[in-house]
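Trainee: Sequence and predicted structure, then a few things I'm wondering about:
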Amino acid sequence: MDNGDGIAVEWLGHPIFRDKEGRELFVRRMPIFFETFPVVLVDGDGIVRADVPFRRAESKYSVEQVGVTVEFYGGELNGVSYSDPATVKKYARRAQLGEIFELDRATLKSDGVFRSSPRGWFTFGVEYVDCRCYFVADGVFNGILIIEFLRMVLHCRAMDIASYAGIQEQKIYCNFLPMQLSVFIREI
């Protein structure tokens with residue numbers, strides 16, 4: 001955490017997001033091993049009420065259109081409320097990773113690069129072993145299924161494999177790992 005985020009200096013508070021109608025919105029947390037994840041705000045029933053779209057043209061529930069505000073309880077920003085869309089989006093992005101902290105990056109010369117924690121690496125190891133045990137059962141290795149499973153679990157950016165016919169060995173690299181994860185696919 002120190003190399004990537006820096007030293008946690010202070011807790012800014014617990015953000016509460018609300019739309020124009022006064023409904024409380026919750027930021028959907030980013031799953032482990034995702035590099036990017038859309039900022040989605042849902043109500044108590046799990047219905048999507050607002051988002052921060054990747055492209056403005058696709059926007060249906062943007063923060064501006066829905067009129068989302070954020071108010072903080074506890075911490076450094078206790079009682080402070082923001083309605084400016086840029087500020088609301090900033091705090092919504094930060095809330096994806098949990099509680100919001102002010103971080104000191106200067107002391108340790110932290111670079112701000114997102115890195116996984118030991119918990120994340122443990123999860124990766126367990127999922128990888130589960131995947132190998134599940135798909136290698138009885139000596140049958142199903143290459144297509146393991147690719148889809150890794151994309152789903154790890155959100156890998158895999159190389160595009162045009163055709164499986166005649167392929168004896170093909171490597172898939174996930175660019176977010178410090179080492180290259182390679183999975184061998186054999187002809188089915």
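Mentor: Structure received. These numbers were taken from a predicted model, which means no experiment stands behind them.
Trainee: Mind picking out the helix or strand in the protein with the poorest mean pLDDT?
Mentor: Every helix and strand of the chain was ranked by mean pLDDT, DSSP states H and E. The lowest is helix 143-154, at a mean of 56.
Trainee: backbone phi and psi for residue 9, please?
Mentor: Main-chain torsions, residue 9, degrees, to the nearest 10: phi -100, psi -50.
Trainee: In contact with it, which residues?
Mentor: 101, 102, 103, 104 (Cβ atoms under 8 Å, 6 or more residues apart in numbering). (Each C-beta comes from the backbone N, C-alpha and C, glycine too.)
Trainee: wait, the first one sits on residue 11?
Mentor: Yes - the criterion here is Cβ atoms under 8 Å, and residue 101 meets it with residue 11 at 5.6 Å.
Trainee: Which one of these two is surrounded by more residues?
Mentor: residue 101 (18 against 14; other Cβ atoms under 10 Å).
Trainee: Distance-wise, check the more buried one relative to residue 80.
Mentor: Distance of residue 101 to residue 80, computed by Cβ to Cβ, to the nearest Å: 16 Å.
Trainee: Can you pull out the low-pLDDT segments for the protein?
Mentor: 1-4, 32-36, 56, 112-121, 131-188 (pLDDT under 70).
Trainee: try 50 this time
Mentor: 138-140, 155-188 (pLDDT under 50).
Trainee: And it, what are its domain boundaries?
Mentor: 7-104, 116-188 (automatic domain parsing).
Trainee: Tell me which stretches of this structure form helices.
Mentor: Along the chain, counting by DSSP state H, helices occupy 63-66, 85-95, 118-135, 143-154.
Trainee: For the chain, which segments count as strands?
Mentor: 7-18, 24-27, 39-42, 48-52, 69-73, 81-82, 100-104 (DSSP state E).
Trainee: quick one: strands adjacent to the last one?
Mentor: Yep, that's strand 100-104 we're talking about. strand 7-18 (antiparallel) (DSSP bridges).
Trainee: Show the contacting residues for residue 75.
Mentor: 10, 11, 12, 13, 14, 100.
Trainee: which one among those gets closest to residue 39?
Mentor: Using Cβ to Cβ, residue 100 comes nearest to residue 39 of the contacts of residue 75, at 13.6 Å.
Trainee: measure that closest one to residue 80 for me?
Mentor: From residue 100 to residue 80 the distance is 12 Å (Cβ to Cβ).
Trainee: Neighbour count for the two, which is higher?
Mentor: It is residue 100, of residue 100 and residue 80, that has more neighbours when counted by other Cβ under 10 Å, with 20 against 13.
Trainee: shouldn't that one be in contact with residue 94?
Mentor: Yes - using Cβ under 8 Å, residue 100 is in contact with residue 94, at 4.8 Å.
Trainee: could you dump stretch 19-34 to PDB, C-alpha only?
Mentor: Presented in PDB, the C-alpha positions along stretch 19-34 are these (Å, rounded to 0.1, in the frame of the first residue of the first chain):
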ATOM      1  CA  ASP A  19     -30.400  11.500  -5.800                       C
ATOM      2  CA  LYS A  20     -32.900  14.300  -6.500                       C
ATOM      3  CA  GLU A  21     -35.700  12.300  -5.000                       C
ATOM      4  CA  GLY A  22     -33.700  11.900  -1.700                       C
ATOM      5  CA  ARG A  23     -33.100   8.200  -2.100                       C
ATOM      6  CA  GLU A  24     -29.900   7.000  -0.500                       C
ATOM      7  CA  LEU A  25     -27.500   5.500  -3.100                       C
ATOM      8  CA  PHE A  26     -24.700   3.100  -2.500                       C
ATOM      9  CA  VAL A  27     -21.500   2.800  -4.600                       C
ATOM     10  CA  ARG A  28     -21.000  -0.800  -5.900                       C
ATOM     11  CA  ARG A  29     -17.700  -2.000  -4.600                       C
ATOM     12  CA  MET A  30     -14.900  -2.900  -7.000                       C
ATOM     13  CA  PRO A  31     -14.300  -6.700  -7.100                       C
ATOM     14  CA  ILE A  32     -10.800  -8.000  -6.400                       C
ATOM     15  CA  PHE A  33      -8.400  -8.000  -9.300                       C
ATOM     16  CA  PHE A  34     -10.400  -5.500 -11.400                       C
END
